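1. Kindly generate the corresponding structure for this input.
(one chain, ligands or ions: 1)
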Amino acid sequence: MNNGQMGIPYNDAIQMVDLKAQYYRLKQELDTAMQEVLRNAHFINGPQVKAFASHLANYMDVAHVIPCANGTDAIQIALMSLNLQPGDEVIVPAFNYVAAAETVAMLGLIPVLVDVNADTFNIDIHKIEQAISRRTKAIIPVHLFGQGCDMEPIMRIAEKYNLFVIEDNAQSIGASYKFSSGKTKRLGTIGHIGTTSFFPSKPLACYGDGGAVMTTDDSLAERLRLIANHGQVKKYQHKIVGCNSRLDTLQAAILDVKLKHLDEFTQARVQVAERYDSAFFHLSDIITPYKPLYTSHIYHQYTIRIKNGKRDALQEWLKQKGIPSMVYYPAPLDKQEAFRIHARKSGNLMIASQLCKTVLSFPIHTEMRDYVQDYIIGQVTQFFN
Ligand SMILES: Cc1ncc(COP(=O)(O)O)c(C=O)c1O
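-> Numbering: from 1, shown residues only. You can find the predicted model right below:
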């Protein structure tokens with residue numbers, strides 16, 4: 001395979017996410033933005049950080065965006081802002097990246113693991129109430145793979161039990177939730193606080209680590225800002241215990257360029273997903289992504305379920321053909337050694353366990369060429385025939 005005909009140096013190997021090809025497509029804009037930072041040498045809290053935060057707030061239609069060092073810090077800062085006490089419980093999905101449960105446990109709080117819905121991979125709204133105890137203070141719905149949790153019932157439960165909601169939107173920035181009234185809102189702006197990650201492979205990504213916290217609440221925003229900056233009200237005056245979590249100016253400049261292309265990135269991935277969907281629809285061993293009406297899907301991952309125990313054999317077959325694929329996630333959090341002690345399980349978490357044995361994510365990114373995807377589809381089809 002050779003993508004050289006597009007004038008883009010394209011690595012022959014198929015990638016899960018092709019960051020190089022995307023860089024070359026946006027090279028001029030990105031290089032100009034990066035050069036400006038280098039010329040001004042204002043590497044920490046430079047003007048690009050403020051500009052990006054303001055542009056992102058505009059895009060998200062949220063009052064406050066507080067940039068920080070990564071998506072894990074974003075959740076930690078959000079939790080720190082809520083005045084929770086050691087031993088308080090926070091509900092998190094069992095089928096998930098480690099960040100939410102990890103930050104909860106790190107702050108002396110208890111992650112309560114709740115099972116997910118088999119079709120959407122997101123927290124099962126019917127299993128949240130039974131996980132609530134007198135110590136429960138917050139829920140972290142995680143919008144996995146590019147589509148949203150069912151936020152309306154989650155917010156209703158939160159109101160009923162007086163809980164905070166922190167939306168972990170690391171994988172779904174740009175997607176929207178549709179309320180039963182027909183009104184839509186960006187994911188990450190519905191709960192009390194939203195968090196995100198700008199890790200290089202994320203939907204809105206920089207060239208290193210980065211993250212952000214967002215909220216419409218002015219007083220929470222003030223606390224979040226203080227916490228991300230050593231709890232400092234002015235130089236060497238520390239009002240509360242905070243941490244040091246900053247988005248570098250260089251990363252902000254890159255993100256500000258990429259934000260302008262975010263909807264176009266989403267569209268490109270949706271097209272790839274639709275081509276996979278129509279190719280796999282007739283394969284009886286594959287369950288293609290389920291799309292509930294309440295959320296859009298921006299396909300951070302294209303994740304399917306493979307029936308009849310064939311997942312690992314398919315992955316091995318694809319590997320032999322030079323096609324990468326990933327298992328997100330190979331083990332539910334209750335099976336991770338760290339969380340056997342530091343988490344409380346709510347129910348048997350059966351769906352999370354099953355998904356870990358059946359899910360497989362395929363290459364999807366903004367630079368996918370049809371002929372590369374045709375090759376992937378051809379190999380998958382051949383495996384099942
Ligand atoms: C759902 C989710 N939350 C949080 C994070 C943490 O982000 P970061 O790697 O920027 O700390 C990730 C990153 O993979 C993620 O996928």
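
2. just to confirm, which helix or strand has residue 157 in it?
-> For residue 157, the element it lies in under DSSP states H and E is helix 151-161.

3. what's next to that helix, contact-wise?
-> 123, 125, 128-129, 132, 136, 139, 141, 163-165, 167, 177, 179-180, 187, 190-191, 294 (CB atoms under 8 Å, 6 or more residues apart in numbering). Every residue, glycine included, has its C-beta placed from N, CA and C.

4. and the helix or strand of the chain with the lowest mean pLDDT, what other elements does it pack with?
-> Lowest mean confidence among the helices and strands of the chain (mean pLDDT, DSSP states H and E): helix 337-342, at a mean of 92. Helices and strands touching helix 337-342, by 3 or more CB pairs under 8 Å, 6 or more residues apart in numbering; DSSP states H and E, are helix 99-106, strand 110-114.

5. Tell me which of those sits nearest to residue 214.
-> Each of these has some distance to residue 214 by CB to CB; the shortest is helix 99-106, at 16.2 Å.

6. per-domain residue ranges of this protein.
-> Split into domains by automatic domain parsing, the chain comes to 27-259, 262-384.

7. Dump the ones you listed to CSV, plus mean neighbour count.
-> Putting the domains of the chain into CSV (neighbours: other CB atoms under 10 Å) gives the following:
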stretch, mean neighbour count
domain 27-259, 20
domain 262-384, 17
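
8. Off-centre distance for the least confident helix or strand of the chain?
-> Relative to its parent chain, helix 337-342 has a centroid offset of 23 Å by CA atoms, centre = their mean, to the nearest Å.

9. Return the list of strands paired to the following helix or strand past it, each annotated with direction.
-> Using DSSP H and E, the next helix or strand after helix 337-342 towards the C-terminus is strand 344-345. Strand 344-345 has the following sheet partners, assigned by DSSP bridges: strand 110-114 (parallel).

10. Point out the residues in this structure that sit beside the ligand.
-> 70-72, 97, 99, 142, 168, 170-171, 197, 199, 209, 211 (CB under 6 Å from any ligand atom).

11. can you tell me which residue is nearest the centre of the chain?
-> The residue lying closest to the centre of the chain (CA atoms, centre = their mean) is residue 171, at 1.9 Å.

12. and residue 269, what helix or strand is that in?
-> Here residue 269 is assigned to helix 262-280, by DSSP H and E.

13. contacts for that helix?
-> 59, 146, 173-175, 203-204, 258, 286, 288-289, 297-300, 302, 304, 362, 364-368, 370, 373, 377, 380-381.

14. Pull the distance from that helix to the chain's centre.
-> The chain centroid and the centroid of helix 262-280 are separated by 17 Å, computed with CA atoms, centre = their mean.

15. Could you check how far whatever residue of the stretch 201-350 of the chain ends up closest to the ligand is from residue 176?
-> Closest approach between the stretch 201-350 of the chain and the ligand, counting by CB to the nearest ligand atom: residue 211, at 5.1 Å. Between residue 211 and residue 176 the computed distance is 21 Å (CB to CB, to the nearest Å).

16. before we move on, what about residue 12?
-> In terms of CB to CB, residue 12 sits 37 Å off from residue 176.

17. what does residue 235 give?
-> 40 Å.

18. one step back: possible to save the domains of the chain as JSON lines with distance to residue 21?
-> Formatted as JSON lines, the domains of the chain follow (distance: least, CB to CB, whole Å):
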{"stretch": "domain 27-259", "distance to residue 21": "11"}
{"stretch": "domain 262-384", "distance to residue 21": "4"}
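
19. That concludes my questions; thank you for your assistance.
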